[in-house]
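S.K.: can't give you the sequence, but here's the structure:
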């Protein structure tokens, strides 16, 4: 019995002293492209990279083996909804560090969350294996709100503003003046095949009555998570001051002509 305990403790100390493979998995949104998922790894100095396996929703789509593939490899899969491109490479002669970068160029709007996994395996005798997973959400923070002034009625001073922003899913655009919510006149949206984002727009017509202008705030929400973007503000006071200044200049010019 004591012999078994000693043996078990011995093997425990051996395995405890074996350092683990380090795997880091990240994702980032790339404008006008889609998602970029990066898997980077570091193998202990006493080991060599055997393979890297990549999974999309637990379905393996790539296995990279330096012994057969060399120092780098590149594969492309074209699907109905996107083009999946992956480049893997070791970063040193000892094959201890490296990266696999996968880009998903969207052909259609993203409909669901998906999971990407990266599994890195070492060689004999340790057969170290480390796997990391990351959930890529159907959520991209909205871009800054942008104003365009459609019309300005010179007699009434009534202004028609068009506010727009992009994000995933389709952003909502809310209007406020002095923190008071305003109803919008018209709104809509479409998927932008260039930016790969949903483009939202909203129109508001109102008559400025104070120095505080109208504020348009973009936001996206997904499964209870709300992310807001930078708001745009129409500076009514500046517009009114500019109008008064232009009027005074015109009057002075006419007086000089007399």
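M.R.: Great, that's in hand. These numbers were taken from a predicted model, which means no experiment stands behind them. Residues are numbered from 1 along each chain as shown.
S.K.: distance of the closest residue to residue 235 other than its chain neighbours from residue 52?
M.R.: Leaving aside its sequence neighbours, residue 235 sits nearest to residue 213 (Cβ to Cβ, 6 or more residues apart in numbering; 5.0 Å). For the C-beta atoms, the positions are set from N, CA and C on the backbone; glycine is no exception. Per Cβ to Cβ, to the nearest Å, residue 213 is found 54 Å from residue 52.
S.K.: pick out whichever of the two has more residues nearby.
M.R.: Under the criterion of other Cβ atoms under 10 Å, the comparison of residue 213 against residue 52 puts residue 52 first, with 24 against 20.
S.K.: in the stretch 101-250 of the chain, which spans are strands?
M.R.: For the stretch 101-250 of the chain, applying DSSP state E, counting those that start in this stretch gives strands covering 114-122, 129-136, 146-152, 159-167, 172-177, 180-182, 186-192, 197-206, 215-222, 225-228, 232-233.
S.K.: what's the angle between the fifth one and strand 215-222?
M.R.: Read that as strand 172-177. Here strand 172-177 runs at an angle of 150 degrees relative to strand 215-222 (axes from the mean of the first three to the mean of the last three Cα atoms, to 10 degrees).
S.K.: so which elements touch strand 172-177?
M.R.: The criterion is 3 or more Cβ pairs under 8 Å, 6 or more residues apart in numbering; DSSP states H and E, and the helices and strands that strand 172-177 contacts are strand 159-167, strand 180-182, strand 197-206, strand 215-222.
S.K.: among the strands of the stretch 101-250 of the chain, which gets the worst mean confidence?
M.R.: Of all these, mean pLDDT reaches its minimum on strand 146-152 (a mean of 82).
S.K.: could you spell out the sheet neighbours of it, each with its direction?
M.R.: Here strand 146-152 has these sheet partners by DSSP bridges: strand 159-167 (antiparallel).
S.K.: in the partner strand, what's buried?
M.R.: 159, 161-167 (16 or more other Cβ atoms under 10 Å).
S.K.: pretty sure the residue nearest to residue 235 contacts residue 207?
M.R.: No. Applying Cβ atoms under 8 Å, one finds residue 213 not in contact with residue 207, separated by 11.8 Å.
S.K.: still on that earlier bit, of the strands of the stretch 101-250 of the chain, which is nearest residue 68?
M.R.: Among the strands of the stretch 101-250 of the chain, strand 114-122 comes nearest to residue 68, with 14.0 Å by Cβ to Cβ.
S.K.: show me what that closest one is packed against.
M.R.: strand 22-30, strand 34-42, strand 49-56, strand 129-136.
S.K.: now render these as TSV, adding distance to residue 179.
M.R.: What follows is those, written out as TSV (distance: least, Cβ to Cβ, whole Å):
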stretch	distance to residue 179
strand 22-30	31
strand 34-42	36
strand 49-56	45
strand 129-136	35
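S.K.: quick one: closest of those to residue 109.
M.R.: Of all those, strand 34-42 sits nearest to residue 109, with 10.6 Å by Cβ to Cβ.
S.K.: buried residues in stretch 134-153, which are they?
M.R.: For stretch 134-153, burial by neighbour count (16+ other Cβ under 10 Å) applies to 134, 136, 139-140, 142-143, 145.
S.K.: just give me how far it sits from the chain centre.
M.R.: With Cα atoms, centre = their mean, to the nearest Å as the basis, stretch 134-153 stands 13 Å off its chain's centre.
S.K.: so that it lines up with my notes, have the first residue be 48 from now on.
M.R.: Shifting the count to begin at 48 puts that one at stretch 181-200.
S.K.: from start to finish, how long is that stretch in a straight line?
M.R.: End-to-end distance of stretch 181-200 (Cα to Cα, to the nearest Å): 53 Å.
S.K.: and what of stretch 220-231?
M.R.: Stretch 220-231 has an end-to-end distance of 9 Å (criterion: Cα to Cα).
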